[in-house]
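*Asks:* Provided below are the primary sequence and the corresponding predicted coordinates.
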Amino acid sequence: MNIFVIMKRTFDTEEKIAVTNGKIAEDGAEFIINPYDEYAVEEAIVLRDQHGGEVTVVTVGSEDSEKELRTALAMGADKAVLINIEDDVENGDQFTTSTILAKFFEDKEYDIILGGNVAIDGGSGQVGPRLAELLNISYVTTITKLDVNGSTVTIERDVEGDSEVIETTLPVLVTAQQGLNEPRYPSLPGIMKAKKKPLEELELDDLDLEEEDVEAKTKTIEIYLPPKKEAGRILEGDLSNQVVELVKLLHTEAKVV
């Protein structure tokens, strides 16, 4: 079984985000595998162990993404591919990423492509579905259970607080939700083996793509942090006066009434 995982490098969930000159400051920041993509990597490894084959992790980004790819290899993936667009694409978006990935998969044989439901930085959840549409294959999002029996795939997914069971056939693309599994930590032997596993680096030229082919379709107008939360206020006096004061504050300061 040929299993691929599309993966993204994101800020550490504990990282304090800073905005400098209208851009998110990355200097000195810690990065990790997007947490939802970790579920995808884990599920891919489980599927390989059950059905045979190999797991290839793929990311679109810069050379800095090699660290996260090595982490996925240490978890148990067999191969990694870095599509380095650092020198070719200044401002990409979901169209950019999905177009590049679709070109990469054009000559590949694949049974299952897994990815995270969303990336914790952008949160759009678009890349997976866009890629599946470009490849003209079935896709199911926010999955919490996956069973493969021959060419038949039975999937359970989250649906607004409930669950839905879907049956489809290979090839398929799925995006992982929390609850699908518990991602493993890389072991020391895994980390040592990861250093010798193949990590291929490609650029747009290798995919016969030009910069204008992947030019972003959206434009970021402004990046800013949410306003700081102010300290709460304790109203004093008898209950009737507190109610009057509360209604006044809701009207003049909170502006919700």
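*Replies:* Happy to help now that I have it.
*Asks:* where along the stretch 51-200 of the chain do the helices fall?
*Replies:* 66-75, 94-105, 127-135, 188-194 (DSSP state H, counting those that start in this stretch).
*Asks:* can you tell which of those is closest to Ala176?
*Replies:* Nearest to Ala176 among these is helix 127-135; the distance by C-beta to C-beta comes to 9.5 Å. (Each C-beta comes from the backbone N, C-alpha and C, glycine too.)
*Asks:* Pull out the C-alpha coordinates of that closest one and format them as CSV.
*Replies:* In CSV, the C-alpha atoms belonging to helix 127-135 read as follows (Å, rounded to 0.1, in the frame of the first residue of the first chain):
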residue,chain,number,x,y,z
VAL,A,127,-5.4,22.2,1.3
GLY,A,128,-6.7,18.6,1.6
PRO,A,129,-10.0,19.0,-0.1
ARG,A,130,-8.4,21.2,-2.8
LEU,A,131,-5.8,18.6,-3.5
ALA,A,132,-8.4,15.8,-3.7
GLU,A,133,-10.4,17.8,-6.2
LEU,A,134,-7.3,18.5,-8.4
LEU,A,135,-6.5,14.7,-8.3
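*Asks:* Tell me what angle that helix forms with helix 94-105.
*Replies:* Calculated by axes from the mean of the first three to the mean of the last three C-alpha atoms, to 10 degrees, helix 127-135 forms an angle of 50 degrees with helix 94-105.
*Asks:* Please state the offset of helix 127-135 from the chain centre?
*Replies:* Remark: helix 127-135 is offset 14 Å from the chain centroid, using C-alpha atoms, centre = their mean, to the nearest Å.
*Asks:* repeat for stretch 136-151
*Replies:* Put simply, stretch 136-151 sits 17 Å off its chain's centre (C-alpha atoms, centre = their mean).
*Asks:* May I see the domains of the protein written out as residue ranges?
*Replies:* The chain resolves into domains spanning 2-214, 227-257 when parsed by automatic domain parsing.
*Asks:* pLDDT averaged over stretch 13-28 - what is it?
*Replies:* Mean pLDDT, computed over stretch 13-28, is 76.
*Asks:* actually stretch 248-257, not the one I wrote
*Replies:* Averaged over stretch 248-257, pLDDT sits at 82.
*Asks:* Can you name the residues bridging to Asp158?
*Replies:* Counting by DSSP bridges, Asp158 is bridged to Ser163.
*Asks:* ok, it - contacts?
*Replies:* Counting by C-beta atoms under 8 Å, 6 or more residues apart in numbering, Asp158 touches Thr142, Thr144, Gln177, Gly179.
*Asks:* Same check on Glu15?
*Replies:* For Glu15, the contacting residues are Ala29, Glu30, by C-beta under 8 Å, 6+ apart.
*Asks:* Go again with 10 Å.
*Replies:* Residues counted as contacts of Glu15 (C-beta atoms under 10 Å, 6 or more residues apart in numbering) are Glu26, Gly28, Ala29, Glu30, Phe31, Ile32.
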